[in-house]
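*Asks:* Just a sequence and a predicted model for now, questions to come.
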Amino acid sequence: MAALSKEKAAEMNSLDKRIAVAPMMDWTDRHCRFFHRQLTRHALLHTEMIVTEAVLHGDRDRLLGFSPAEHPLALQIGGSDPAKLARAARIGQDHGYDEINLNVGCPSDRVRSGAFGACLMREPALVGDCVAAMKAAVTIPVTVKCRLGVDEQDPGPALDALADAVVGAGCDGLWVHARKAWLSGLSPKENREVPPLDYERVYALKRRLHDVFIGINGGVETLEAAADHLRPMDGVMLGRAAYQRPAILADIDRRFYGASTGVRLETVVEAMITYAGIERARGTRLHQITRHMLGLFHGRAGARLWRRILSVRGGRPDAGVAVLRDALAAVEATGGTDHGCNGSAAAASGIVAV
Ligand SMILES: Cc1cc2nc3c(=O)[nH]c(=O)nc-3n(C[C@H](O)[C@H](O)[C@H](O)COP(=O)(O)O)c2cc1C
């Protein structure tokens, strides 16, 4: 296992961030995070990005509310006004978040017009001021998530300048999405696929800033790949793989955090049935929860049936938890759960038999 020594982790930060699930707008809402937390107790989870103005003036219970079960949990904020970010970070801390993360990597149109996200790669001094203001306002760790650079920037000096500015301002860690962003010409989705990944550039940053937590993100598809990255790096952040194939999260605690077994997927579904029952009674539609669970049995027998039952029956406005029960029974009947799965199906999903 590639792991930080306990001493090194404590020295760098109070939170163990070897494995994290990425902030993903419209995806990592509180239902998704509750679900992911059933799969791993230890990986650090992130909220979707919430812009400063929303934190300051929006419906805070709706935007910032979460279940205590979601800890450890980082709130990702987007903005570039140090005073407002400081207030937003304080609000996040008061709501019980374990960490605040500043978005310096998101290239969407909305973000470009608001002068935050990836365009801040061009303004390291301002990002440093933002981090300093946030650090002064909270006692929990403040981290930054960034890119290698934007547009024609050279990722050598661009990433170094950003990293030096935030580290100089007391930043507790830097997550680097290991590709540049193109602010004109590419959609946000293309910006997660087209600019080439350059892991070496992030490894070089870690070698230079050996005392600072540096985590890597982008294109990590398996826990084997995550373990490889953890040799040079302090942390690995999983985005789309975790969302689209959530079963890969089920082996994180065994593999990286000393748990004796992986997590059974049917146990996860049982927990989600209880959760969905409580949420249904509060008026949450089943689909708001189950839409994050569609990929749970990816690669296993019954995966298509699971997906179909959840999307068709689960999508109806009056759908109740019986849909989840029936979908699980259908997977069990086809041998796709841990009770019945064969080795190749388990290997395809990244789960060890438990
Ligand atoms: C649907 C979606 C929404 C995203 N929203 C955010 C966001 O709110 N904040 C952010 O920093 N990155 C966001 N990202 C980028 C991811 O955090 C991550 O950096 C990117 O997907 C690369 O990691 P991956 O290859 O493991 O998916 C988003 C990605 C996706 C797919």
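*Replies:* Arrived safely, thanks for sending. Everything quoted here is computed from the prediction, not taken from an experiment.

*Asks:* Any idea how many residues pack against the residue nearest to Ser80 when sequence neighbours are not counted?
*Replies:* In space, and not counting its chain neighbours, Ser80 is closest to Phe116: 4.5 Å by Cβ to Cβ, 6 or more residues apart in numbering. Backbone N, C-alpha and C define where each C-beta goes, glycine included. By other Cβ atoms under 10 Å, 27 other residues sit near Phe116.

*Asks:* what sits against Phe116?
*Replies:* 51-52, 78-80, 103-104, 106 (Cβ atoms under 8 Å, 6 or more residues apart in numbering).

*Asks:* Surely Ser187 is in a strand?
*Replies:* No. Under DSSP: H, G, I helix; E, B strand; the rest coil, Ser187 sits outside any strand and is assigned coil.

*Asks:* Use 32 as the first number for this chain going forward.
*Replies:* Got it, first residue is 32 now, which makes that one Ser218.

*Asks:* That one and the ligand, how far apart?
*Replies:* 12 Å (Cβ to the nearest ligand atom, to the nearest Å).

*Asks:* For that residue, give me the pLDDT.
*Replies:* Model confidence at Ser218, given as pLDDT, is 90.

*Asks:* Next: the one 10 residues further on.
*Replies:* Note for Leu228: predicted pLDDT of 98.

*Asks:* gap between it and the ligand?
*Replies:* Per Cβ to the nearest ligand atom, Leu228 is found 8 Å from the ligand.

*Asks:* Now, the contacts of Phe147 that are in helices?
*Replies:* If you go by DSSP state H, these have Thr83 in helices.

*Asks:* can you tell me which of the contacts of Phe147 are up against the ligand?
*Replies:* Among the contacts of Phe147, the ones lying near the ligand by Cβ under 6 Å from any ligand atom are 134, 137.

*Asks:* quick one: which of the contacts of Phe147 is nearest Asp284?
*Replies:* Among the contacts of Phe147, Asn134 lies closest to Asp284 (Cβ to Cβ), at 27.5 Å.

*Asks:* Contacts only, for that closest one.
*Replies:* Counting by Cβ under 8 Å, 6+ apart, Asn134 makes contact with 54, 80, 107-109, 142, 147-148, 176.

*Asks:* what's the answer for Leu104, then?
*Replies:* By Cβ under 8 Å, 6+ apart, Leu104 lies in contact with 64, 75-78, 97, 128-130.

*Asks:* Over to the residue of the stretch 232-381 of the chain found nearest the ligand: give its phi and psi.
*Replies:* Among all residues of the stretch 232-381 of the chain, Gly270 sits closest to the ligand, at 2.5 Å; criterion: Cβ to the nearest ligand atom. Main-chain torsions, Gly270, degrees, to the nearest 10: phi -110, psi -100.

*Asks:* who in this structure is up against the ligand?
*Replies:* So the chain meets the ligand at 53-58, 79-80, 107, 134, 136-137, 176, 208, 223, 248-251, 269-272 (Cβ under 6 Å from any ligand atom).
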